[in-house]
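**Q** All I have is the shape, not the residue letters:
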């Protein structure tokens, strides 16, 4: 099964298109903040959360529950595509329905491999993967640049180092993150 969670009007053929709003006519009406989710353990091979995750789990315990449900329903090796607005962009700041910033760094907290590395180093990073018994690995991260930064970069007027600095110090440089994660479970679907 492939889940297009929070699909809105962006449905994908061959996927189960899920939204809580019946007006967008999804395949399944599900409020993703209401737990547990209606899908069986280890039943999902691919998940798409395109500009959805930043809207979910206003309360930290609910957000953690959503992460645990995502882990529960996915099988080992399942791919999760996440697109979220960059927290330093007006697209994130201006929308009152955005309840939390989502960054590659925040999602890395759910990697047990990284958690163990941090513990071994005595780092202060919160090992949420170990605390919540979930395990996700980040496979790739790309940043969607806003204009005029994208055009300047393409014309080689600015370097990658310039972009890193600008992204970390200025608003409206990076528009969004695209993140691909994998679910890490044992062969029988358990941790």
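**A** That came in fine, so what should we check first? Being a predicted model, the structure only gives us computed values, none of them experimental.
**Q** now stretch 99-106, how far from the centre of its chain.
**A** Here the centre of stretch 99-106 is set off from its chain's centre by 8 Å, with CA atoms, centre = their mean, to the nearest Å.
**Q** just stretch 113-127 next, same as before
**A** With CA atoms, centre = their mean, you get 21 Å for stretch 113-127.
**Q** who's in contact with it?
**A** Contacts to stretch 113-127, defined as CB atoms under 8 Å, 6 or more residues apart in numbering, come from residues 108-109, 112, 128-130, 135, 137, 184. Just so you know, the C-beta spots here come from the backbone N, C-alpha and C atoms, and that holds for glycine as well.
**Q** How far away from the center of its chain is stretch 50-62?
**A** Relative to the chain's own centre, stretch 50-62 is displaced by 10 Å; criterion: CA atoms, centre = their mean.
**Q** what's the first-to-last distance across it?
**A** 19 Å (CA to CA, to the nearest Å).
**Q** mind checking pLDDT for the most centrally placed residue in the chain?
**A** Closest to where the C-alpha atoms of the chain average out (CA atoms, centre = their mean) is residue 82, at 4.0 Å. Residue 82 carries a pLDDT value of 98.
**Q** Could you tell me how far residue 56 is located from residue 140?
**A** Distance of residue 56 to residue 140, given as CB to CB, to the nearest Å: 22 Å.
**Q** what do you get for residue 149?
**A** From residue 149 across to residue 140, the span is 20 Å (CB to CB).
**Q** Could you do residue 58 as well?
**A** Distance of residue 58 to residue 140, computed by CB to CB: 28 Å.
**Q** Same check on residue 110?
**A** 16 Å.
**Q** Okay, now the unreliable bits of the chain?
**A** The chain contains residues with pLDDT under 70 at 187-191.
**Q** repeat that with 50
**A** Low-confidence segments of the chain (pLDDT under 50): 188-190.
**Q** Quick check: phi and psi at residue 75.
**A** In terms of degrees, to the nearest 10, the main-chain angles of residue 75 are phi -90, psi 170.
**Q** same for the helix or strand where residue 45 lies, what does it pack against?
**A** Assignment of secondary structure by DSSP states H and E places residue 45 within strand 44-50. Strand 44-50 makes packing contacts with strand 2-5, strand 74-85 when contacts are defined by 3 or more CB pairs under 8 Å, 6 or more residues apart in numbering; DSSP states H and E.
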